[in-house]
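pasting a predicted model and its sequence here:
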Amino acid sequence: MPKLIYLGLYRNKLIGQIPSSICNLRSLQVLQLSNNHLEGPIPKCVGNLSTSLNVLHLNANKLSGLIPSTFRKNCSIESINLNGNKLKGTLPQTIANCQGLRGIDIGGNEIRGAFPFWMETLPQLRTFILSSNKFNGTMLVTSNTEQPFPKLQVLDVSQNAFVGPLPDRYFKNFRGMINATENQIDEEAAYWFLIFMELKLTLKGLDQLLGRLLTTFTTIDLSSNRFSGSIPPSLGDLNSLRYLNLSHNTLIGHIPPSLGDMRLLESLDLSSNKLDGEIPNELARLTFIGKLNLSMNNLEGKIPQSTQLSTFGNESYVGNVGLCGFPLTRKCAGSDGKPFIPKGGEEDDDDEYGFIDGFGWRNVVLGYGCGFVVGIGIGYMVIRSGRPRWLVEFFFGVGYKYKTKKRRNRAAPTRRGT
């Protein structure tokens with residue numbers, strides 16, 4: 001069938017290998033064999049179809065071996081999805097010949113090597129997913145590219161072994177994540193996003209399959225790596241970013257207040273790092289946020305109060321012993337707004353009942369007991385002696401001493417007569 005343009009056999013139960021005879025389809029524009037049980041290598045000749053092929057989706061199979069490196073200079077491929085296979089080796093640099101590439105997803109494989117900096121020159125790339133592979137090294141490098149990844153909207157490099165600081169240079173140039181409503185994409189790109197791009201991403205803590213990708217969708221996921229250093233304030237410039245996940249790294253320093261400028265942010269996950277300091281009040285400006293996770297850090301001080309932040313439970317802040325205020329049970333006290341942190345031992349139990357500064361329940365009970373005994377003794381002596389007169393008359397009425405004396409005088413003759 002040499003004139004076949006579209007071949008879609010996805011979501012079936014096909015087994016075996018992809019036959020090399022498929023490369024005889026010289027007019028083929030769309031090849032979708034995803035969600036089957038295909039195995040074995042991808043035919044090398046698939047790269048020869050790159051001059052006619054627009055969509056190459058082989059994801060969710062059991063394919064192994066290497067990614068073909070035969071993509072030609074006049075490559076016309078716009079979408080490559082190889083997610084969820086058993087592919088190994090490195091990402092071939094010949095993919096850079098596909099200057100019209102809009103999205104590539106090779107997540108869930110065993111691809112290794114350094115970050116593919118050579119892809120930052122692709123002018124149309126909007127979706128870039130390398131998650132759950134074996135990439136390593138740093139994402140910082142000296143480059144002559146003035147605007148790397150100029151239209152990128154989705155960057156997911158989670159669950160790899162990247163090290164070093166976060167890629168501040170990229171954050172400053174992700175034009176596709178800044179004023180996205182003002183930079184609407186063309187109709188052709190919108191059609192590609194809605195029809196051909198199928199993504200599996202971790203959103204709001206859950207793995208989700210996106211059958212259709214909205215044109216305004218933006219996300220950065222750098223979680224589960226070995227990134228270190230502080231969070232660059234330049235992240236706040238991405239005012240159209242909707243999902244940000246930097247969890248499970250070794251990031252240090254304070255949470256930059258500039259994150260409050262990302263007014264469209266729906267999910268923020270900074271958990272399992274080494275962040276310290278207070279939660280900036282600027283985060284209260286995130287009125288669209290539906291998922292917040294700051295747990296397992298070294299944060300301290302009072303949690304900012306706002307209509308939106310007040311909806312999150314204790315799980316969003318657990319593991320920060322210095323935090324206080326609603327929704328936590330630990331109250332804030334003192335002019336600095338920081339909590340009283342117990343030092344351990346029996347004093348912890350005292351603090352749980354609201355007694356501080358060394359006055360525990362045992363001391364209070366002992367004080368009450370001693371006071372009761374002393375009070376009974378003093379009371380008996382006052383009543384017996386009738387002194388001081390003003391106190392006796394206050395409690396027992398005016399003339400108490402006179403009446404008592406009179407009763408004594410009456411009793412005296414009786415005793416003598418007896």
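That came through, no problem.

low-scoring stretches of this protein, by residue?
180-215, 334-375, 377-418 (pLDDT under 70).

now the helices for it?
168-171, 187-195, 346-352, 361-385, 389-396, 400-417 (DSSP state H).

right, and residue 99 touches residue 124 too?
Yes: using Cβ atoms under 8 Å, residue 99 is in contact with residue 124, at 7.4 Å. C-betas here are computed from N, CA, C, even on glycine.

please name the residues that touch the residue sitting nearest the centre point of the chain.
Nearest residue to the geometric centre of the chain (Cα atoms, centre = their mean): residue 269, 0.9 Å. Residue 269 makes contacts with 205, 223, 244-247, 291-293, as judged by Cβ atoms under 8 Å, 6 or more residues apart in numbering.

can you flag the buried ones in those?
223, 244-247, 291-293 (16 or more other Cβ atoms under 10 Å).

now for the residues you listed: which two are most distant?
Between any two of the buried ones among the contacts of residue 269, the greatest separation by Cβ to Cβ is 14.8 Å, found for 223 and 292.

hmm, back to that, kindly present the buried ones among the contacts of residue 269 as a markdown table, with separate columns for distance to residue 56.
Supplementary listing: those in a markdown table, determined by distance: Cβ to Cβ, whole Å:
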| residue | distance to residue 56 |
| --- | --- |
| 223 | 28 |
| 244 | 30 |
| 245 | 28 |
| 246 | 31 |
| 247 | 32 |
| 291 | 33 |
| 292 | 38 |
| 293 | 36 |
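
could you measure from residue 314 over to residue 163?
32 Å (Cβ to Cβ, to the nearest Å).

which one of those two has more residues nearby?
Taking other Cβ atoms under 10 Å, residue 314 and residue 163 do not tie; residue 163 has more neighbours (15 against 10).

contact partners for residue 98?
With the criterion set at Cβ under 8 Å, 6+ apart, residue 98 makes contact with 50, 71, 75-78, 80, 122.

for residue 260, that is, sorry about that
236, 280-286.

separation between it and residue 308?
The value you get for residue 260 to residue 308, if Cβ to Cβ is used, is 11 Å.

please apply the same query to residue 3.
Residue 3 is 56 Å from residue 308, by Cβ to Cβ.

have a look at these two and say which one is more surrounded.
More neighbours surround residue 308 than the other of residue 3 and residue 308, with 15 against 8 (other Cβ under 10 Å).

the more buried one contacts residue 284, doesn't it?
Yes: Residue 308 is within contact range of residue 284, at 7.3 Å (criterion: Cβ under 8 Å).

hang on, the earlier thing: what bridges to the residue nearest to the centre of the chain?
Judged by DSSP bridges, the bridge partners of residue 269 are residue 245, residue 293.

now it: how far from residue 324?
22 Å.

and for residue 113, nearest residue in space, chain neighbours not counted?
Using Cβ to Cβ, 6 or more residues apart in numbering and skipping residues adjacent in sequence, the residue nearest residue 113 is residue 90, 4.1 Å away.

hmm, residue 58 is touching residue 33, no?
Yes: with contact defined as Cβ under 8 Å, residue 58 and residue 33 form a contacting pair (5.4 Å).

which residues do those two both contact?
residue 18.

roughly how far does residue 39 sit from residue 295?
Residue 39 is 40 Å from residue 295, by Cβ to Cβ.

er, residue 115 actually
28 Å.

residue 99 too?
Applying Cβ to Cβ to residue 99 and residue 295 gives a distance of 43 Å.

these two: who's more crowded?
residue 295 (20 against 15).

so the more buried one is in contact with residue 315, correct?
Yes: if you go by Cβ under 8 Å, residue 295 and residue 315 touch, sitting 6.7 Å apart.

could you count how many residues lie near residue 29?
17.

for it, give me its contacts.
Counted by Cβ under 8 Å, 6+ apart, residue 29 has contacts 5-6, 52-55.

which of these sits closest to residue 19?
Once Cβ to Cβ is applied, the member of those that ends up nearest residue 19 is residue 53, at 16.4 Å.

burial measure for residue 101, as a count.
Residue 101: 24 neighbours (other Cβ under 10 Å).

sorry, back to before: can you pull the residues that touch both of residue 260 and residue 308?
284, 286.
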